[in-house]
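Asker: Sequence and predicted structure below; questions after.
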Amino acid sequence: QVTPIESGGGLAQAGGSLRLSCAAPERIFVTYGVAWFRQAPGLEREFVAGISWSGGNTFYADSVKGRFTISRENSKNTVVYLQMNSLKPEDTAVYYCAADRKGGSRRSNFNEMEYWGKGTLVTVSS
């Protein structure tokens, strides 16, 4: 079991940038595939980006391709980042980090995630 913890949310202007971070205190987190999801008010939660345990495979929703980048550092303390550039008001949402033992080598690995963080709010003003 792992406990993802998000940080880095906040307020940004349209066209600006934010970077989200996701970490877990459990060492086994390094072996997990990790993804970012988001949920805007009144909408269903949606997949944003995912990364395999090694960092060798990454996947993106069409709506964020070319603007968001997911990456991870598998050093002493594994951290997964979501760099968000060229932000738009429609990116406003609560962003969740999720982890799964499947490892994340395929896009389908992120369809069902085992462990979820509590979320961090990103607000983009126009």
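Answerer: All right, it came through fine.
Asker: Next one: the residue positioned nearest the centre of the chain, what pLDDT does it get?
Answerer: Nearest residue to the geometric centre of the chain (C-alpha atoms, centre = their mean): residue 36, 2.4 Å. pLDDT for residue 36: 98.
Asker: How about it, nearest residue that isn't a chain neighbour?
Answerer: Once flanking residues are discounted, residue 36 sits nearest to residue 48: 4.4 Å by C-beta to C-beta, 6 or more residues apart in numbering. Bear in mind the C-beta positions are built from the backbone N, C-alpha and C, glycine included.
Asker: Can you tell me the strand partners of the helix or strand hosting the one you found and which way each runs?
Answerer: Assigned by DSSP states H and E, residue 48 belongs to strand 46-51. Strand 46-51 sits in its sheet next to strand 33-39 (antiparallel), strand 58-60 (antiparallel), going by DSSP bridges.
Asker: Tell me which residues of the longest one come out buried.
Answerer: Residues of strand 33-39 classed as buried by neighbour count (16 or more other C-beta atoms under 10 Å): 33-38.
Asker: Over to stretch 9-23?
Answerer: 9, 12, 18, 20-23.
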